[in-house]
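In: Show me the folded form of this:
(chains A, B and C)
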Amino acid sequence: MQKRNIVSILYILFLLLPIYWLVAMSFKTTNEILAGFSLFPQTWTLENYKTIFTDPTWYWGYINSIIYVSLNTVISVCVALPAAYAFSRYRFLGDKTLFFWLLTNRMAPAAVFALPFFQLYSSVSLFDTHIAVALAHCLFNIPLAVWILEGFMGSVPKELDETAYVDGYSFLRFFTTIFIPTIKAGVGVAAFFCFMFSWVELLLAKTLTAVAAKPIAAVMTKTASSAGYELGLLAAAGTLTIIPGAIVIYFVRNYIAKGFAMGRV
Amino acid sequence: MRAHNQKAWIFVLPVLLLVAFNALIPIMTVVNYSVQETFGDNVFFWQGLDWFEQLLRSDRFHAALGRQFLFTGLILLIEIPLGVAVALSMPRKGIWVPVCLVTMALPMLIPWNVVGAMWNIFTLPEIGLLGYFFNNVLGVSYDMTQDPLAAWITIVTMDVWHWTSLVVLLSYAGLVSIPDDYYRAARIDGASNFAVFRYIQLPKMKTVLTIAILLRFMDSFNIYTEPFVLTGGGPGNSTTLLSIDLVKIALGQFDLGPAAAMSLIYFAITLLVSWVFYSVMNNQSDEVE
Amino acid sequence: MAKITLSHLKHSYEPQPKGPEDYALQEINLDWEDGGAYALLGPSGCGKSTLLNIISGLLIPSEGQILFDDQNVTALSPDQRNIAQVFQFPVIYDTMTVYDNLAFPLRNRGVEETKVNKRVLEIAAMLEVEDILKRRASGLSPDNKQKISMGRGLVRDDVNVVMFDEPLTVIDPHLKWKLRSKLKELHHRVNATMIYVTHDQTEALTFADRVVVMDEGQVVQIGTPVELFERPEHTFVGHFIGSPGMNIIPCMIEGGAAKFMDQIIDLEGPIKSGSSTNCEIGIRPEFISFGESSLRGTVKKVSDIGRHKVVEVMLGDHKIAGIVEDIAPEKGENIGVIFQKNQTRVYRDGWLVTEKAG
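Out: Numbering: from 1, shown residues only, chains lettered A, B, ... in the order given. Predicted coordinates:
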């Protein structure tokens, strides 16, 4: 730690402050919160957390979110892998255009798709299902996954493919047993980004669900807008949503800097 | 050299189908709505480009668009230099590196509504940490439900809190890829710290910075959830950014025609600016090769 | 220009070094004469880059001192020592023009513009890069980039020593010889002390007046290229220099004479006494001939290098190589091997122990 590091130290403190406040508030009673300001919980309570863990509306919110996020990550990465391979290894009619078109979807404002998705998924009877949200998020996640994977695949020499063919591997066996392990860092990064985006997105997740697949984000906003603004409960719910994110970062911590450069630096 | 192989289309077919399903059908629907009018019961009348004309002349649209550009402009102006500064000040080696990276990544993994809620609780005038600090410790009046300026400061600060780490991580990745010999040569040449930044670090970070600017532009231009949860677009409509306005019209009022027209123009603007950045990025990487 | 003295220099990358194996540099005492062209030659990992970085000030040695003209500079930073260093990979400032790159070190020291201009043009002429002065540095070929790196080192006229750390590594082979001769030329013109670090003996032997050979953190021998070739003081030097290197075969010392395969081998001179029994005979392939001899072996392989042929012969279990100009023996032939007496030496524990007779 030197003088030079002061900016990053201040920055990290800045980042931690609102998080601390959220966590602190989750351990306070609603009375204490509304009564006035207290830096530290005066009366520690686990009441808020108890509510979340015992009330089905609440904990199903988390479960629903995890379900569609996992679905989306699996689908996105699985379809992105062959596509990224094609982009990185072959030239075919319209490949540059296709690639660019894929990226434009990532750039689309979610708001533009809110109403159309609502109508689309309702019309195929997928409204209020996990798969609907998972598929909807594919719009943004697949281009990202393809972009990331293509970047990683680009640094694998073609000689690897050729050697495998000479050795008599079928394409499928080569792809699954040799190629994918080689780029497993890239797969990890792509999965991370898919998880990240799907977990945090609210608008589409809320629009496409009602009760059965209601994500935690929607449960929270419903609570916030209805009468009885229970700040402590909200804070507890919020704190719990940070945990999956923290766990995931911990697992990919070695790849974070590498991954953000998406293999293109 | 990549081989020409039309069979590659089989590989991209799943992606194509999924994305097309999610993109083409909705867009077609939107285009459809944007040139028609309906009074319900699925009966449509051709409107031509009327909705577009109305929109482009609408004060409400101009106001929202203006706010959006202001917001995105502020974001880019703050987050990019700040991100670079933090990246420069981060340790390069040692145990603190993963600690820093993990902590900085955390805000980006919090659901967007929780971000909004978090900042809401944080800035409540009497009982939030920041709100209390401003009102009771500094004696400055701060209430974002009443004061547009306070609301703006809050949403900008919230976004800086939320996304600067992206710029930091990208810049950091660029920085650590600079070989040590460059720094050694600069020491021998007697270069000042500023010269090292200007002639060695900044040029080598050009690619990552372009990615960072592109991503931040896109995401801040399209932002919806966080400011909506925080301020609801208010007070009044002082923080009603483009997405918030669009959703109000589309899902709130179910004004299909105007919403559709607005969607298309919105999408077009994002695409245009993003395309500019994308070309710049590609030119740069061609140069390097 | 300065004379450089290394006094009791030792370096370890470990904070608490325990034994010699923790030291990257064993004790070094060395003088580099002012204006000399030196090569620092040795295999990868022998400590030459460590030594270079200590001289330039990028590394502070854990023990010992460095003196420039008898002034202790051990604690000074690189720019205070007035040194220049050229690295393995071309280091140039991409965003600046070639001219600005060359001017950079001078401008940083506040030299006024007319002097900068004069100096830059001088160096550019020397390096033959005048025609690209206005070009941006980023688009140049590697050899031009390296030239500019060198130029930045030479542009300051108060430079004490210029150091090159394997600078030709990234250069295409057909351009290497061009740059090598350019370096020699530069040395004559600039007359600064130059230290050239390399693992390539050809580069070392063509560039330097004197070569410092290193192995495993130790200076093994210092001498002119001829001295190193003709009279290696260590088996490492003999083996490393020359292509193929010196033949080394084990021997026994009996009664002041060296015996190999139960035959007494004639040497250049008497053997110094010593206790260790780890003795070897060293003789270069250039000084081996074939013909009538009591020492006989079977030809294993004959390689035609073009100008000469390398003949590998098995003497018992040991392989030796000899060089012949024209007619070479056949593979499988049993022939006699003749060692030229005045080039046959004995090494004990690797170090030379025969003295020149007479």
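
In: For chain B, what's its nearest residue on the stretch 101-250 of chain A.
Out: Per Cβ to the nearest Cβ, A:Gly245 is where the stretch 101-250 of chain A lies closest to chain B, at 2.9 Å. Where C-beta positions appear, they are placed from N, C-alpha and C, glycine not excepted.

In: That residue: how many residues sit nearby?
Out: Neighbourhood size, A:Gly245 [other Cβ atoms under 10 Å in any protein chain shown]: 21.

In: if I read this right, it contacts B:Leu109, doesn't it?
Out: Yes: look at A:Gly245 against B:Leu109 with Cβ atoms under 8 Å: they come within range, at 2.9 Å.

In: what's the overlap in contacts for those two?
Out: Both A:Gly245 and B:Leu109 are in contact with A:Met196, A:Trp199, where contact means Cβ atoms under 8 Å, 6 or more residues apart in numbering or on different chains.

In: what about the closest residue to C:Gly350 other than its chain neighbours, neighbour count?
Out: Among residues not flanking C:Gly350 along the chain, C:Thr235 sits closest, at 4.7 Å (Cβ to Cβ, 6 or more residues apart in numbering or on different chains). Applying other Cβ under 10 Å, we find 21 other residues in the vicinity of C:Thr235.

In: show me the contacts for C:Thr235.
Out: Contacts for C:Thr235 (Cβ under 8 Å, 6+ apart) come out as C:Met246, C:Ile248, C:Glu280, C:Gly282, C:Tyr347, C:Gly350.

In: Among the residues you listed, which lie within strands?
Out: Of these, the ones assigned to strands by DSSP state E are C:Ile248, C:Glu280, C:Gly282, C:Tyr347.

In: circling back: of the contacts of C:Thr235 - the most surrounded one?
Out: C:Met246 (27 neighbours).

In: Distance check, the closest residue to that residue other than its chain neighbours against C:Thr277.
Out: Among residues not flanking C:Met246 along the chain, C:Gly238 sits closest, at 3.3 Å (Cβ to Cβ, 6+ apart). Separation of C:Gly238 from C:Thr277 (Cβ to Cβ, to the nearest Å): 20 Å.

In: neighbour count winner among these two?
Out: Higher neighbour count among C:Gly238 and C:Thr277: C:Gly238, with 26 against 9, using other Cβ under 10 Å.

In: State the distance from C:Leu102 to A:Asn48.
Out: Computed as Cβ to Cβ, the C:Leu102 to A:Asn48 distance reads 68 Å.

In: Comparing those two, which residue is more hemmed in?
Out: Counted by other Cβ under 10 Å, C:Leu102 and A:Asn48 do not tie: C:Leu102 has more neighbours, with 27 against 24.

In: Check which helices and strands the helix or strand containing that one is in contact with.
Out: Using DSSP states H and E, C:Leu102 falls within helix C:98-108. Under the contact criterion of 3 or more Cβ pairs under 8 Å, 6 or more residues apart in numbering or on different chains; DSSP states H and E, helix C:98-108 touches helix C:113-127, helix C:142-154.

In: what residue ranges in chain B score low on pLDDT?
Out: Applying pLDDT under 70 to chain B flags the ranges B:1-3, B:40-41, B:284-289.

In: Next to chain C, which bits of it? Give me the list.
Out: Listed as neighbours of chain C in chain B under the rule Cβ under 8 Å from any Cβ of the partner chain: B:179, B:181-182, B:184-185, B:187-192, B:195, B:199-200, B:203, B:287.

In: Helices - which of those residues land there?
Out: Among these, the members found in helices (DSSP state H) are B:Asp181, B:Tyr182, B:Arg184, B:Ala185, B:Arg187, B:Ile188, B:Ala195, B:Pro203, B:Glu287.

In: Other residues contacting stretch C:305-325?
Out: Applying Cβ under 8 Å, 6+ apart, the contact partners of stretch C:305-325 are C:244, C:247, C:249-250, C:260-261, C:283, C:285-286, C:288-290, C:295-303, C:328-329, C:335, C:337.

In: Filter those down to the ones in strands?
Out: Counted as lying in strands by DSSP E, out of these, are C:247, C:249-250, C:260, C:283, C:288-290, C:295-303, C:335, C:337.

In: Make a ChimeraX selection of the buried ones in the residues you listed.
Out: Burial among the ones in strands among the contacts of stretch C:305-325 is assessed by 16 or more other Cβ atoms under 10 Å in any protein chain shown; the matching ChimeraX selection reads:
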select /C:247,249,260,283,288,290,295,297,299,302,335,337
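
In: Quick check, the residue in the stretch 51-200 of chain C closest to chain A?
Out: Closest residue of the stretch 51-200 of chain C to chain A, Cβ to the nearest Cβ: C:Asp94 (15.5 Å).

In: what's the spacing between that residue and C:Arg135?
Out: 12 Å.

In: And for C:Asn72?
Out: From C:Asn72 across to C:Arg135, the span is 43 Å (Cβ to Cβ).

In: What of B:Val19?
Out: As judged by Cβ to Cβ, B:Val19 and C:Arg135 stand 45 Å apart.

In: Tell me which of the two has more neighbours.
Out: Neighbours per residue (other Cβ under 10 Å) separate B:Val19 from C:Arg135, with B:Val19 holding more: 24 against 14.

In: part of a strand, is the more buried one?
Out: No: going by DSSP: H, G, I helix; E, B strand; the rest coil, the assignment for B:Val19 is helix, not a strand.

In: Against chain C, how distant is it?
Out: For B:Val19, the distance to chain C equals 37 Å [Cβ to the nearest Cβ, to the nearest Å].

In: what's the answer for B:Met104, then?
Out: Here the criterion is Cβ to the nearest Cβ. By it, B:Met104 lies 29 Å from chain C.

In: thought that residue was touching B:Val167?
Out: No: contact criterion Cβ under 8 Å: B:Met104 and B:Val167 do not qualify, at 10.2 Å.

In: just to revisit the earlier point, the residue of the stretch 101-250 of chain A closest to chain B should be in a helix, yeah?
Out: Yes: assessed by three-state DSSP, A:Gly245 belongs to a helix.

In: List the contacts of it.
Out: A:Met196, A:Trp199, B:Leu106, B:Leu109, B:Ile110.

In: what do you get for B:Leu246?
Out: Contacts of B:Leu246 were listed using Cβ under 8 Å, 6+ apart, and they are A:Pro109, A:Ala111, A:Val112, B:Ala259, B:Met262, B:Ser263, B:Tyr266.

In: which residue packs closest to the fourth one, ignoring adjacent ones?
Out: Taking Cβ to Cβ, 6+ apart as the measure, B:Ala259 lies nearest to B:Ala250, with 3.7 Å between them; neighbours along the chain are not counted.

In: what helix or strand is C:Leu25 on?
Out: Here C:Leu25 sits within strand C:23-32, counting by DSSP H and E.

In: What is whichever helix or strand comes after that strand packed up against?
Out: Using DSSP H and E, the helix or strand that follows strand C:23-32 towards the C-terminus is strand C:37-41. Contacts defined by 3+ Cβ pairs under 8 Å, 6+ apart place strand C:37-41 against helix C:48-56, strand C:193-198, helix C:201-207, strand C:210-215.

In: Just send those back as TSV, with mean neighbour count too.
Out: Compiled in TSV, the helices and strands packed on strand C:37-41 are given as follows (neighbours: other Cβ atoms under 10 Å in any protein chain shown):
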stretch	mean neighbour count
helix C:48-56	23
strand C:193-198	25
helix C:201-207	20
strand C:210-215	23
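
In: Would you mind giving these as JSON lines with distance to chain A and mean pLDDT added?
Out: JSON lines is the format used below for these (distance: least, Cβ to the nearest Cβ, whole Å; pLDDT from 0 to 100):
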{"stretch": "helix C:48-56", "distance to chain A": "22", "mean pLDDT": "86"}
{"stretch": "strand C:193-198", "distance to chain A": "30", "mean pLDDT": "89"}
{"stretch": "helix C:201-207", "distance to chain A": "31", "mean pLDDT": "84"}
{"stretch": "strand C:210-215", "distance to chain A": "35", "mean pLDDT": "88"}
